[in-house]
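>>> With the sequence up front, the predicted model follows.
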Amino acid sequence: MTKKLMVGRVAVGGGAPVSIQSMCNTKTDDVDATVAQIRTLADAGCEIIRVAVPDEAAAMAVDRIKEQISIPLIADIHFNYKLALMCAERGIDALRINPGNIGGEEKVRAVAEVCRLKNIPIRIGVNGGSLEKELRARYGGVTAEALVESAMGHVKLLNRYDFDDICISVKCSDVPLTMRAYTLLSQQTDYPLHLGVTEAGTPSMGIVKSAMGIGGLLCMGIGDTIRVTLTADPVEEIYAAKKILRAAGLRKEGVNLIACPTCGRTRIDLIPVAEEVERRLTNCKKNITVAVMGCAVNGPGEAAAADVGIAGGNGEGLIFRKGEILYKVPQERLVDALMEEIEKL
């Protein structure tokens, strides 16, 4: 069990549901574009959003963005402690910084004090690519131990100034290394952990890496909030995160789509059928299992646990519910008939 902190109205840690995050790729000072993207992400299921704050123009936009969105806003800040202070004064819900790279002790103290007074949590974000040179030298490169030591060193800096509202991440692009780092970190601290595999790549491989790294850790009981990083439209990150949480048994809402891999008995072009069903169910919030099977011989039996499903045949198919056949329809009507049955549930 980790400590609980509040990012705006969203609880992180302390047994709260694992929350989904993403990050805008708009210029933060372009308020209209940033707000539009945040609203799109929130509609897709994003629960916490982060924006880059590289300069004063971005920091000055924080309050104008916040007043137009419904989910908590995090400012991602490097090196310049004044930007953290500006964001805090403009109502930011949380900060993502590394206390060790924003200047001397007085600068760290200033950030810690304003965040403590305003109940603004801080995520300490350690990345393999930005690990301190002295730690790289001592450990012979990026290792799990080095990442954890870096994170805990930043924690001590904040603790020195009576700040303890902390979340931690120790990300890198190497999946096994990332998992070792988070496992080691979870053994050393009870601060909530933000999971991710950084620079995971395009969806074709990035989703696989994230499912292994994030999903593997979640299945071990490690992790309180997640971001799937993809070189893609950020909305794809949200869809991937939701699927990972469902696969790990941590989210029940939404459709669980099961589909057979097809074989020589299949007499229907099942792949486009399954893709169409998945597309049409993207925004369905019902907690149901839907089956798309390629064979009428054993489809309903193999998918007996499904709330509703289809099984292809030769020019026609079956609609079934909980393994019981309801009726036959022509092949071209299969998906429409399935959607009609889902509407009844």
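Structure's in. What do you need?
>>> Give the buried residues for stretch 180-190.
Neighbour counts over stretch 180-190 (16 or more other Cβ atoms under 10 Å) mark R180, A181, Y182, L184, L185, S186, T189 as buried. All C-beta atoms are positioned from the backbone trio N, CA, C, and that covers glycine.
>>> So for that stretch, mean pLDDT?
If you average the pLDDT over stretch 180-190, you get 98.
>>> Residues contacting it, please?
Contacts to stretch 180-190, defined as Cβ atoms under 8 Å, 6 or more residues apart in numbering, come from residues 1-3, 144-145, 147-148, 151-152, 155, 168, 170, 172, 193, 195, 217, 220, 222-223.
>>> chain center to that stretch: distance?
Remark: stretch 180-190 is offset 19 Å from the chain centroid, using Cα atoms, centre = their mean, to the nearest Å.
>>> same check, this time on stretch 313-325
Distance, stretch centre to chain centre, for stretch 313-325: 36 Å (Cα atoms, centre = their mean).
>>> Show the end-to-end separation of that stretch, please.
Using Cα to Cα, to the nearest Å, one end of stretch 313-325 lies 13 Å from the other.
>>> Need the contact partners of it.
Contacts for stretch 313-325 (Cβ under 8 Å, 6+ apart): 267-268, 291, 296, 299-301, 303-311, 326-331, 334, 337-338, 341.
>>> I only care about those residues that end up buried; give me the ChimeraX line for that.
Paste this into ChimeraX to select the buried members of those, with burial taken from 16+ other Cβ under 10 Å:
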select :267,268,291,296,299,300,303,306,307,308,309,310,311,329,331,334,337,338,341
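>>> Of the contacts of stretch 313-325, which belong to helices?
Members of the contacts of stretch 313-325 lying in helices (criterion: DSSP state H): G299, P300, G301, L334, A337, L338, E341.
>>> The fourth one reaches G309, doesn't it?
No: counting by Cβ atoms under 8 Å, L334 sits too far from G309 to count as a contact (10.4 Å).
>>> picking up where we left off before, weed out the non-buried ones from the contacts of stretch 180-190.
By neighbour count, with 16+ other Cβ under 10 Å, these hold 2-3, 144, 147-148, 151-152, 155, 168, 170, 172, 193, 195, 217, 222-223 as buried.
>>> Please export the C-alpha coordinates of stretch 202-218 as CSV.
Extracted in CSV, the C-alpha atoms of stretch 202-218 (Å, rounded to 0.1, in the frame of the first residue of the first chain):
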residue,chain,number,x,y,z
THR,A,202,5.4,4.0,-32.5
PRO,A,203,2.2,2.1,-31.6
SER,A,204,3.3,-1.1,-33.4
MET,A,205,6.1,-1.7,-30.9
GLY,A,206,5.4,0.9,-28.2
ILE,A,207,2.2,-0.7,-27.2
VAL,A,208,4.0,-4.1,-26.8
LYS,A,209,6.7,-2.5,-24.7
SER,A,210,4.2,-0.7,-22.5
ALA,A,211,2.0,-3.7,-22.1
MET,A,212,5.0,-5.8,-21.0
GLY,A,213,6.6,-3.2,-18.7
ILE,A,214,3.5,-1.4,-17.3
GLY,A,215,1.3,-4.4,-17.4
GLY,A,216,3.9,-6.7,-15.8
LEU,A,217,4.4,-4.3,-12.9
LEU,A,218,0.7,-3.8,-12.4
